[in-house]
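Engineer: The following comprises the amino acid sequence and a computationally predicted model.
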Amino acid sequence: MKELSAHFFFRGLIIGFSIAAPVGPIGVLCIRRTMAEGRLAGFISGLGAATADALYGYVAAFGLTLVSSILIEQHVWLRLGGGVFLCVLGLKTFLHSMIEQAPSDKGLRLAGAYASTFFLTLTNPLTILSFTAIFAGLGVGTESRDIVVAGAMVLGVFVGSALWWLILSQLAGLSLRKLGARLLQWVNRISGMIITAFGLMALFSLFEKG
């Protein structure tokens, strides 16, 4: 059983890493926060997304069909909230100065960074369908004795996703040393525009489906 759990943990790690790796609004936000507030802020932002990925993985692995069906049914409202949030966040990022610092409330800012990416990742409940298909294909959660295996795989998803965000924040931190203040400000503005664009695309997709 230990060997089987380790095997599925490794599979979950690969799945989590692969799902997190494509660059989207969370990736842009992680890079921007790393450059503005440091590697820790970028990594904590990524952990919010990793937690949401693990939560969706948990729902899929343990067959919580009621929860998943409710989230999927409400995906329009969730995407609407996520799109509006991205637009507001993008505009705020565009107008924010890279030079601004607030060391006194660092803990609060880290908590906000974690919560924001956690919320944004949850606004795409269709991710559950991906996890469900992958886990079903691997035979996870089909029997009661699979509870340990499913748990190991969900843990792997979290670790794999977190590993990607660690790598991304470190690479963004290395780039920070090579950029001057003026270039950093342009990075901030471009990041704001990209995040806003993702928000607008999410909102427009609702009208297309409607």
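Structural biologist: Sure, I can see it.
Engineer: from here on, contacts and neighbour counts on C-alpha atoms
Structural biologist: Noted.
Engineer: ok, how many other residues are close to residue 152?
Structural biologist: Counted with other CA atoms under 10 Å, the burial measure for residue 152 works out to 22 neighbours.
Engineer: For it, which non-adjacent residue is closest in space?
Structural biologist: Beyond its immediate neighbours in the sequence, the residue positioned closest to residue 152 (CA to CA, 6 or more residues apart in numbering) is residue 9, lying 4.9 Å away.
Engineer: Pull out the buried residues from the helix or strand encompassing that neighbour.
Structural biologist: Residue 9 is part of helix 2-20 when elements are defined by DSSP states H and E. Of the residues in helix 2-20, those buried by neighbour count under the rule 16 or more other CA atoms under 10 Å are 5, 7-17, 19-20.
Engineer: Same question for stretch 18-29.
Structural biologist: Applying a neighbour-count criterion of 16+ other CA under 10 Å, one finds 19-21, 25-29 buried in stretch 18-29.
Engineer: swap in stretch 36-46?
Structural biologist: When neighbours are counted by 16+ other CA under 10 Å, the buried residues of stretch 36-46 are found to be 36-46.
Engineer: just the residues you listed now: which is nearest residue 85?
Structural biologist: Taking CA to CA as the measure, residue 45 is the one of those closest to residue 85, at 15.3 Å.
Engineer: And whichever strand or helix holds that closest one, what does it pack against?
Structural biologist: Assigned by DSSP H and E, residue 45 belongs to helix 39-61. Taking 3 or more CA pairs under 8 Å, 6 or more residues apart in numbering; DSSP states H and E as contact, the helices and strands that helix 39-61 lies on are helix 2-20, helix 25-37, helix 65-73, helix 106-122, helix 127-138, helix 147-176.
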